[in-house]
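Student: Sequence plus the predicted model coming up.
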There are 2 protein chains.
Amino acid sequence: MDNIEVRKRLKSSGLRVTPQRIAVLSTLVESNAHPDADQIVKSVRQQYSNIAIGTIYHILDNLVQKGIIKKVQTEQNVVRYDAIVEPHIHLYSGEENRIEDYFDEELFDLIQDYLQKKEIKGFEVNDIRIKFLGEFTKERK
Amino acid sequence: MDNIEVRKRLKSSGLRVTPQRIAVLSTLVESNAHPDADQIVKSVRQQYSNIAIGTIYHILDNLVQKGIIKKVQTEQNVVRYDAIVEPHIHLYSGEENRIEDYFDEELFDLIQDYLQKKEIKGFEVNDIRIKFLGEFTKERK
DNA sequence: ATATATGCAAACTCTTTGCATCGTT
DNA sequence: AACGATGCAAAGAGTTTGCATATAT
């Protein structure tokens, strides 16, 4: 996704299009490492050396509110961010503290179908989060 | 589970059986609310008024290391704890910040079977974490 | 007796907040 | 011009750490 597309996404969400927001969202879109706020700060500061940490947190909050990005929880105590909002699975290695995306529509369909047949009493499901904990092997390294 | 069972669990894991550990683990076993460290401190202090926060964190870490309890991530930035280590799903309402357990062996079997047939390239799955985000309806309230 | 656990307090990390200034619409 | 966004610094929450003392084995 290029900058024009990033600007469009911001604009259509009703957020003002500022250089800082473009930089934050671009960074996130270009990264597949699910960076935390600190990593985003470091990355964005290569371009905007004086962007404030508070601003980064504000922007990330804005983007989450608008559904443009998602928060990712980790075993550590740090929020990470993901620019992919389509359903997907996170492969997580605690040893490496590494998150990779794993797309498997078939599996999601399987679960969706299951939930439709056998609904949960007293709970309405809006979103499904699946995480596989484990270890990355050579092929993926 | 009574205190004797809690002591057994601690002992068989190799941890020294201290009153503080018994209190922390008992609290966790008796709660189904997936409490965070602060809530555990408050609960345990009804019995041991001078237990230190640092000690609670130490104990919780010990228990997690030994696989007696598990950490639970939430949308907020607080770690919560779960004494149930068997596979189960978490129903989570952000509005209420509430986590409920949902046991569904059939669904886990479904996923297990699926993973056995179609393994993920470059990743070995050790644990599956599933969370449904949504809203609790009247019946469950 | 020894190794480990606890209590306490200080330190640390990540995140949030208040407020003046700046920039987008 | 007006409202919202940014920068800065201080504060806050949750968690970790160091060290002396206490306790389980």
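Tutor: Done, it's in.

Student: Domain ranges for chain A, per the record?
Tutor: Domain assignment for chain A by automatic domain parsing gives A:3-82, A:89-133.

Student: Mind checking if the first one is in reach of DNA strand C?
Tutor: Just to be clear, that refers to domain A:3-82. Yes - using Cβ under 7 Å from any atom of the strand, domain A:3-82 reaches DNA strand C at A:11, A:16-19, A:36-38, A:53-54, A:57-58, A:61, A:77-79. C-betas here are computed from N, CA, C, even on glycine.

Student: Mind checking if that domain is in reach of chain B?
Tutor: Yes - interface with chain B: domain A:3-82 contributes A:71, A:73, A:74, A:75, A:77, A:79 (Cβ under 8 Å from any Cβ of the partner chain).

Student: Surely residue A:92 is within a strand?
Tutor: Yes - under DSSP: H, G, I helix; E, B strand; the rest coil, residue A:92 falls within a strand.

Student: re the thing from before, now render the domains of chain A as JSON lines, adding distance to DNA strand D and mean neighbour count.
Tutor: Below are the domains of chain A laid out as JSON lines (distance: least, Cβ to the nearest atom of the strand, whole Å; neighbours: other Cβ atoms under 10 Å in any protein chain shown):
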{"stretch": "domain A:3-82", "distance to DNA strand D": "3", "mean neighbour count": "16"}
{"stretch": "domain A:89-133", "distance to DNA strand D": "13", "mean neighbour count": "15"}
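
Student: need the ones you listed in CSV with distance to residue B:86, can you?
Tutor: Shown next, in CSV, are the domains of chain A (distance: least, Cβ to Cβ, whole Å):
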stretch, distance to residue B:86
domain A:3-82, 19
domain A:89-133, 15
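
Student: can you list the ones you listed in JSON lines and add mean pLDDT?
Tutor: Listed next are the domains of chain A as JSON lines, based on pLDDT from 0 to 100:
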{"stretch": "domain A:3-82", "mean pLDDT": "96"}
{"stretch": "domain A:89-133", "mean pLDDT": "93"}
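
Student: ok, now which ones touch residue A:59?
Tutor: By Cβ atoms under 8 Å, 6 or more residues apart in numbering or on different chains, the contact list for residue A:59 reads A:20, A:21, A:24, A:25.
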